[in-house]
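No sequence on hand, only this structure:
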């Protein structure tokens, strides 16, 4: 028998993955929850420069986690898991990656930020999702911001967990421009439960607005996305604006649903189950596009502006640290007038 020319112990094959996909594949499993797995994710940088051509009011974004356990049916950010070669849209809410060494990275990265460049915390994943209770990555980021001055920071969340950090948020706001935006898409608890299965109830979020406002923080409500045919009745939009004002919110914003293909793969089956009468309309209107025509967004903006004037609350983009607007009020249509 001829001796084999192969080595007795062949080296493991080199991973074909590169970049963030390789880092994710090498992440250490932290624990498993109910239908959720948590992994470590080494990061080379915490700040990401915003390259969107949509005219967003910030230059930099921070997302302490990759993936979001809240499982919102309409979530536009599911595509970010594709960068890690995770192609099933549901994995976005089932595989949560926890970024490491964030405070050290942020301390270094903030040197790149120029005066007037806004930073948005929580644009693709919620910084106060359930993982934050255990890992406190967002809290560590805020602790680092509290050591600096002169930055513009906006925070977007659906979670009342943010009130845990009230004292720290006040410390950040002393020497920086801080704006907080709590997302409330509907006041209907049953509807919220099917749209945002694992997010806190709307009343809990509004209570968080109240507590943050009473603490002297600049806090408002994001009513985005507005879901055509589901949450866009004028009476429903007015109810959210009224509740935001009553809770002490200083500003509110509402923008239409942004439906990327990866999101549509999850959202359309959801519609078929819960709103079958809307499926064909959505397929037709979003066919070949991620946005509805500008006329729909303009109509929503006019409605919100009118309600803001009525209830004495400002209108703002939720992802910026400031930038309030005063749109001319529109005549409010009857409750049943369809916008979609």
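All right, it came through fine. What you are looking at is a predicted structure, and each value in this text was computed from that prediction instead of being measured.

Tell me where the stretch 201-340 of the chain is predicted with low confidence.
Across the stretch 201-340 of the chain, the ranges flagged by pLDDT under 70 are 316-340.

just the helices in it please.
Ranges of helices within the stretch 201-340 of the chain are 202-214, 234-246, 261-274, 279-285, 294-311, based on DSSP state H, counting those that start in this stretch.

For residue 90, which of the ones you listed is the nearest?
Nearest of the helices of the stretch 201-340 of the chain to residue 90, taken as CB to CB: helix 261-274 at 6.7 Å. Heads up, the C-betas are built off the backbone N, CA and C, glycines and all.

Buried residues in that closest one, which are they?
262-264, 266-268, 271 (16 or more other CB atoms under 10 Å).

Any chance of TSV for those residues, columns distance to residue 136?
Converted to TSV, the buried residues of helix 261-274 look like this (distance: CB to CB, whole Å):
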residue	distance to residue 136
262	29
263	29
264	34
266	29
267	31
268	36
271	36
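
Just name the closest of those to residue 216, please.
Checking the buried residues of helix 261-274 one by one against residue 216 (CB to CB), the nearest turns out to be residue 263, at 36.8 Å.

quick one: the closest one and residue 187, what's the gap?
With distances taken as CB to CB, to the nearest Å, residue 263 is found 24 Å from residue 187.

who's the residue lying closest to residue 41 once chain neighbours are set aside bridged to?
Nearest residue to residue 41, sequence neighbours excluded (CB to CB, 6 or more residues apart in numbering): residue 97, at 3.8 Å. Applying DSSP bridges to residue 97 yields these beta-bridge partners: residue 39, residue 66.

how close does residue 97 sit to residue 169?
Residue 97 sits at a distance of 25 Å from residue 169 (criterion: CB to CB).

residues of stretch 286-293 that come out buried?
For stretch 286-293, a neighbour-count test (16+ other CB under 10 Å) marks 286, 291-292 as buried.

in the stretch 51-200 of the chain, which spans are strands?
60-62, 65-66, 95-99, 118-121, 152-157, 177-183 (DSSP state E, counting those that start in this stretch).

For residue 42, find the nearest of these.
Closest among the strands of the stretch 51-200 of the chain, using CB to CB: strand 95-99, at 8.1 Å.

Which secondary structure elements does the closest one sit against?
Applying 3 or more CB pairs under 8 Å, 6 or more residues apart in numbering; DSSP states H and E, one finds that strand 95-99 makes contact with strand 36-41, strand 65-66, helix 131-135.

about what we covered before: so for residue 97 and residue 169, which residue has more residues nearby?
residue 97 (27 against 24; other CB atoms under 10 Å).

Go ahead and confirm the more buried one touches residue 68.
No: in this structure, residue 97 is not within contact of residue 68 by CB atoms under 8 Å, at 10.6 Å.

residues touching residue 304, list them.
Counting by CB atoms under 8 Å, 6 or more residues apart in numbering, residue 304 touches 223, 237, 241, 252-254, 315, 327.

ok, now which ones touch residue 273?
By CB under 8 Å, 6+ apart, no residues touch residue 273.

how about the strands of the stretch 51-200 of the chain, which one is nearest residue 128?
Closest of the strands of the stretch 51-200 of the chain to residue 128 is strand 152-157, at 4.5 Å (criterion: CB to CB).

What average pLDDT does the closest one get?
For strand 152-157, the mean pLDDT works out to 97.

hmm, back to that, so for residue 123, which of the helices of the stretch 201-340 of the chain sits nearest?
Nearest of these (CB to CB): helix 261-274, 14.8 Å.
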